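Chemist: Using only what follows, build the 3D model:
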Amino acid sequence: MQLLTVGSVAFDAIETPFGKTDKIVGGAGTFISLASSFFEKNQGLISVVGDDFPTETMTEMEKRGINLTGLQIKKGEKSFFWSGKYHNDMNSRDTLVTELNVLEHFDPIVPESYQNSNYLMLGNLSPQVQRQVIERLNNRPKLIAMDTMNFWMDIALEELKKTIALVDVLIINDEEARQLSGDYSLVKAAKTIREMGPKYLIIKKGEHGALLFHEDNIFFAPALPLEEVFDPTGAGDTFAGGFMGYISATDDVSFDNMKRAIIAGSALASYTVEKFGTQKLMEINSSMLEERMNEFVKLSEFSAPVLV
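Modeler: Predicted coordinates:
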């Protein structure tokens, strides 16, 4: 197995200024796996669902090269469900309903076929579950990336720090970086967080792009200005999936390749927000993705100005 993802496979119900949905497929593990499948076909997913989760979605995921041996299906139980409403700025939201269901007592079992995975992407789950997966692998992957959120900083900070100490890449947003570090300056925050263990830090800034920090190197990727943003749910997970899918497929963990991976992740995330849930990810193809990645390159491609 080249790439292993751990994350929720779930249902969402979303309301934005542009409309609302009933229950649709969501979850960090779903977005990450679908996004990474554009680059990496040799991958597996560890998660849990109830018997209410649609088999056609699982079939579609398998068609895209996502091995679901590690997806536990609990008979007679319900899948994780989240409902939220976005404000007019689309950057803030209110959680309306959270039903943990099968996720409440999730024990992440690592199938034998998943052992010796070269890359590990830890989607947003409790830090204890994320750490369990690392500990249950026979060999440490070449690169471990982790996503988390301020919720875990609020209720499980010490557990979170234990898990952060074990990973190579931490992916969080600017608000979370400030909370975790206690620093307002993102440059200072990056230094503080990397002292906790990760060699690389990616700070997502939503519609303002993303920053990559490693040693004394900083890379900034812009966000693509979009005519319409229907649903930001899953954009961060899509970004992480595209990033790790590209790293895994190229098998290159250099800083320069991570810059390319950030563009790959950003391009996929820019598609995700154009429709509700995973719909747009299911619709696009490789040529559309390549075209979008080239648009990102054009955004920041220029010659250095010359003094005259």
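
Chemist: if you go through the stretch 201-308 of the chain in chain order, where are the strands?
Modeler: With strands called from DSSP state E, counting those that start in this stretch, the stretch 201-308 of the chain shows them at 210-214, 217-221.

Chemist: Show the average pLDDT along the first one.
Modeler: Translated: strand 210-214. Across strand 210-214, pLDDT averages out at 98.

Chemist: got it, and the last one?
Modeler: Averaged over strand 217-221, pLDDT sits at 96.

Chemist: strands paired with that strand, and their directions?
Modeler: Here strand 217-221 has these sheet partners by DSSP bridges: strand 210-214 (antiparallel).

Chemist: Count the residues that sit near Thr21.
Modeler: Neighbours of Thr21 under the rule other CB atoms under 10 Å: 17. For glycine as for every other residue, the C-beta is placed from the backbone atoms N, C-alpha and C.

Chemist: rewinding a little: and the strands of the stretch 201-308 of the chain, which is most packed in?
Modeler: When you average the neighbours per residue for each of those (mean count of other CB atoms under 10 Å), strand 210-214 leads with a mean of 22.

Chemist: where's Trp82, which helix or strand?
Modeler: Element membership of Trp82 [criterion: DSSP states H and E] is strand 81-86.

Chemist: Please name every helix or strand in contact with the helix or strand following that strand.
Modeler: Following strand 81-86 in sequence order, the next helix or strand is strand 93-99 (DSSP H and E). Contact here means 3 or more CB pairs under 8 Å, 6 or more residues apart in numbering; DSSP states H and E; on that basis strand 93-99 packs against strand 81-86.

Chemist: If I take the strand it packs on and strand 93-99, what angle do their directions form?
Modeler: 170 degrees (axes from the mean of the first three to the mean of the last three CA atoms, to 10 degrees).

Chemist: Now the most centrally placed residue in the chain: closest residue in space that isn't a chain neighbour?
Modeler: Centrality entry for the chain: nearest residue to the mean C-alpha point is Asp237, 2.6 Å, by CA atoms, centre = their mean. Using CB to CB, 6 or more residues apart in numbering and skipping the chain neighbours, the partner closest in space to Asp237 is Phe31 (3.6 Å).

Chemist: Give me the number of neighbouring residues for the one you found.
Modeler: 32.

Chemist: And for Glu228?
Modeler: Counted with other CB under 10 Å, Glu228 comes out at 8.

Chemist: which phi and psi does it have?
Modeler: Per-residue torsions, Glu228: phi -140, psi 140 (degrees, to the nearest 10).
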